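1. Build me a model from this:
(one chain, ligands or ions: 2)
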Amino acid sequence: MPNQSPFDTTQNIFQNRDVLDVDDYQPEQLIERDEQIDEYASALEPILNGWKPNNIFVYGKTGTGKTATTHYMLNWLRHDIQEQSSAVEGSDKKDSNTTSSTNLEVVYLNCEALTSSYQVAVELLNDLRDEAHQVATRGHAPNDIYNWLFEEIDNRNGVVLVVLDEVDHIGDDDTILYQLARARSTNNLKNSNLGVMGISNDFSFREDLSPKVRDSLCEKEILFPAYNATELTEILKRRAEKALYDDAYDLGVLNSSAAYAAKDKGSARQAIDILRNAGDLAQKKDLDTITPDLVKEAKGIVERGRVSEMIGGLSPHGKYALHGLAIASKNNETPIRTKELYDYYRIVCQREQTDTLSVRALRDHLAELDLIGIAKEDQRNAGRGGGKYKQFDLDVKVDAVIEAFKSDTDVHHSMDNSF
Ligand SMILES: Nc1ncnc2c1ncn2[C@@H]1O[C@H](COP(=O)(O)OP(=O)(O)OP(=O)(O)O)[C@@H](O)[C@H]1O
Ligand SMILES: [Mg+2]
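-> Numbering: from 1, shown residues only. Ligands and ions are numbered 1, 2, ... in the order given. Predicted coordinates:
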C-alpha cells in the first residue's frame with residue numbers, strides 16, 4: 001500500500017454533484033411545462049374520485065422533460081391520495097362528506113431493457129406480486145401471464161395506473177398495449193379501474209401502433225416540445241445553484257452550455273451533461289472555476305458519447321453506410337449524392353470482407369441515419385429537365401464519428417488510412 005491515498009476529495013467545484021445526475025435527480029420545480037402539467041392533471045384527476053383516468057400517450061424528443069414531468073405528476077397524485085386518506089381517518093364520519101379514499105397503485109416501468117410485450121407483462125406481474133409469488137421470466141404461456149396480471153390488477157380494488165416509459169423499446173409487437181386496452185374496455189376487470197400511460201421519444205412508434213391500440217392508448221396525447229436556449233438556461237440555473245459552488249461558475253458558463261444544447265436538439269439532458277462534464281474537467285485540472293474553454297471541451301465529450309450511442313444501435317450495413325459518408329466528409333466531398341456515396345460504401349464493405357447491398361438498400365440505411373439525426377438528407381433540383389436528386393451529409397462532427405468507430409466491433413478498419 002502506498003502511504004498516500006490516490007483519492008482527492010477536496011472539492012472546489014461541486015457542492016453536490018448528484019444534482020447534475022440526469023436520470024436520478026428529480027427537480028422540485030419544472031420550468032416551462034405548465035401546459036403539459038395542466039393536460040396531465042385533467043387526464044389523471046378522475047383517479048382522485050376512484051374513477052377510471054384517461055389513457056395517456058406522452059411524446060417528444062429526448063431530454064424534453066417527459067420522465068421528469070411524469071414523476072412530478074405521480075408524486076403529486078400519491079400526495080393527494082395520501083391527504084385524502086388521512087382526512088378520512090381523521091374525520092368523524094357522520095358529519096363529514098369525506099367518507100372514502102381511493103386505493104391507488106402506480107406501477108412505473110422503464111421498458112428500456114425490456115424488448116418485448118411478453119417481458120413487459122412478466123415485469124408488471126412481478127411488480128404487483130409479492131416476493132413469494134414471483135414468476136420466472138420465461139417458460140409460461142403468454143395467456144397465463146396476462147390472466148394472472150389482470151387478476152392482480154382486479155385484486156387491488158381500486159385504481160391501478162400502469163406507466164410504461166420508453167415504451168417504443170417493445171418493438172413491433174404491441175400485444176401488451178392491446179391486452180391492457182382490452183382489459184379496460186371489455187370489463188374484464190370487475191373491482192379495479194385501470195389507466196395506462198405510454199411515454200416515447202420515437203415519433204414513428206405511435207404511427208406504427210395497430211389502430212385499435214392507438215385509439216385506446218392515445219385517448220389523451222401530450223406533446224413535449226424541444227427547449228430553446230432561454231429555457232435551458234433557466235433549467236441549468238436551478239440545477240447549478242444546488243450542484244456547484246457559487247464562485248465556481250458564472251452565467252456565461254450556463255448560457256454557453258444551454259446555447260450548445262439548444263442549437264443541437266433542444267435537450268435538457270444534453271445541457272446538464274455538458275455542465276457536469278465541464279465541472280469534472282475543472283475538478284480534474286484543479287481549477288476553482290469552470291471556464292468557457294472547458295464548456296467547449298465538455299460539449300465535444302458529450303457529443304462523442306451521443307454519437308457512440310447512436311452508432312451502437314445501427315445494423316452493420318447502417319454502420320458501413322455511415323463509415324462511407326464519414327470518409328466522404330473527410331475528403332471534403334459532402335454533401336454527396338447517393339450514387340457517389342455508393343462507391344465509398346462499396347469500398348468499406350470490401351475492406352470489411354462482406355457483400356455489398358443494393359443502391360436501394362443503401363438509400364434505406366441513409367434514410368435511417370437521417371431519422372436518428374446522425375446524417376441529413378436534402379433534396380436538390382438538378383435544373384431544367386434534370387429532375388430531383390438527394391444529397392447527404394453528416395449532421396454531427398466527423399471527428400466524433402471517427403472516434404466512435406474506433407471502439408466499434410463491426411467496423412474493423414479505421415478511416416485514417418486513405419483509399
Ligand atoms: N422543465 C424542466 N425543468 C427542470 N428540469 C428539467 C425540465 N425538463 C427536463 N429537466 C431535466 O432534464 C433531464 C432530462 O429530462 P427527462 O429525463 O425528463 O427527459 P425525457 O423527455 O424523459 O428524455 P428521454 O426521451 O431521453 O427519456 C432530467 O435530468 C430532468 O430533470
Ligand atoms: Mg425519459
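2. for residue 390, helix, strand, or coil?
-> strand (DSSP: H, G, I helix; E, B strand; the rest coil).
3. Equivalent analysis for residue 197, please.
-> At residue 197 the chain is in strand, as set by three-state DSSP.
4. Get me the contact residues on the stretch 151-300 of the chain for ligand 1.
-> Residues of the stretch 151-300 of the chain found near ligand 1 (CB under 6 Å from any ligand atom) are 201, 224, 235, 268-269, 272. Placement of C-beta: from N, CA and C, glycine included.
5. from those, which ones fall inside strands?
-> Within these, residues falling in strands by DSSP state E are residue 224.
6. now, the most widely separated pair of the residues of the stretch 151-300 of the chain next to ligand 1?
-> For those, the farthest-apart pair by CB to CB is 201 and 235; their separation is 17.6 Å.
7. what about the two, which has more around it?
-> Set residue 201 next to residue 235 and count neighbours by other CB atoms under 10 Å: residue 235 wins out with 25 against 18.
8. For the more buried one, list the residues it contacts.
-> Contact analysis of residue 235 by CB atoms under 8 Å, 6 or more residues apart in numbering lists 27, 31, 227, 258, 268, 271-272.
9. Restricted to helices, list the residues of the stretch 151-300 of the chain next to ligand 1.
-> Counted as lying in helices by DSSP state H, out of those, are 235, 268-269, 272.
10. helix/strand/coil for the residue nearest to residue 336 when sequence neighbours are not counted?
-> Of all residues not flanking residue 336 in the chain, residue 328 sits nearest, at 4.9 Å (CB to CB, 6 or more residues apart in numbering). Three-state assignment for residue 328 (three-state DSSP): helix.
11. I'd like to know how far residue 328 sits from residue 128.
-> According to CB to CB, to the nearest Å, residue 328 and residue 128 sit 53 Å apart.
12. So between the two, which is more surrounded?
-> The neighbour comparison of residue 328 against residue 128 (other CB under 10 Å) goes to residue 328, with 22 against 19.
13. my read: the more buried one touches residue 342, true?
-> No - contact criterion CB atoms under 8 Å: residue 328 and residue 342 do not qualify, at 10.7 Å.
14. Quickly note the distance from residue 110 to ligand 1.
-> Distance of residue 110 to ligand 1, given as CB to the nearest ligand atom, to the nearest Å: 9 Å.
15. That residue: how many residues sit nearby?
-> Around residue 110 there are 16 residues (other CB under 10 Å).
16. In contact with whichever residue of the stretch 101-250 of the chain sits closest to ligand 1, which residues?
-> Residue of the stretch 101-250 of the chain nearest ligand 1, by CB to the nearest ligand atom: residue 201 (3.5 Å). Taking CB under 8 Å, 6+ apart, we find residue 201 in contact with 59-62, 64, 66, 166, 168.
17. Report the two of the contacts of residue 235 separated the most.
-> Pairwise over the contacts of residue 235, using CB to CB, the maximum falls at 27 and 258, 15.5 Å.
18. Looking at the two, which has the bigger crowd around it?
-> Between residue 27 and residue 258, counted using other CB under 10 Å, residue 258 has the larger neighbour count: 27 against 17.
19. if I read this right, that one contacts residue 233, doesn't it?
-> Yes - with contact defined as CB under 8 Å, residue 258 and residue 233 form a contacting pair (4.2 Å).
20. quick one: secondary structure of residue 222?
-> Per three-state DSSP, residue 222 ends up strand.
21. Repeat that for residue 380.
-> Assignment for residue 380 (three-state DSSP): strand.
22. Just the pLDDT at it, thanks.
-> If you check residue 380, the pLDDT there is 75.
23. cool, residue 91 as well?
-> 69.
24. what's the answer for residue 387, then?
-> So, for residue 387, pLDDT stands at 73.
25. which residue packs closest to the most centrally placed residue in the chain, ignoring adjacent ones?
-> In the chain, the centroid-proximal residue (CA atoms, centre = their mean) is residue 62; its distance is 4.8 Å. Of all residues not flanking residue 62 in the chain, residue 201 sits nearest, at 4.8 Å (CB to CB, 6+ apart).
26. Closest to residue 387 out of the contacts of residue 201?
-> The closest of these, once distances to residue 387 are taken by CB to CB, is residue 61, at 33.2 Å.
27. Can you point out the buried residues in stretch 142-161?
-> Buried residues in stretch 142-161, counted by 16 or more other CB atoms under 10 Å: 145-146, 148-150, 152-154, 156, 158-161.
28. Any chance of TSV for these, columns pLDDT and secondary structure?
-> Shown next, in TSV, are the buried residues of stretch 142-161 (pLDDT from 0 to 100; DSSP: H, G, I helix; E, B strand; the rest coil):
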residue	pLDDT	secondary structure
145	95	helix
146	94	helix
148	95	helix
149	95	helix
150	95	helix
152	96	helix
153	95	helix
154	94	helix
156	93	coil
158	92	coil
159	94	strand
160	95	strand
161	96	strand
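29. and residue 393, what does it touch?
-> Going by CB under 8 Å, 6+ apart, the list of residues near residue 393 reads 325, 329, 334-336, 375-376, 378.
30. Which helix or which strand is home to it?
-> Using DSSP states H and E, residue 393 maps to strand 388-394.
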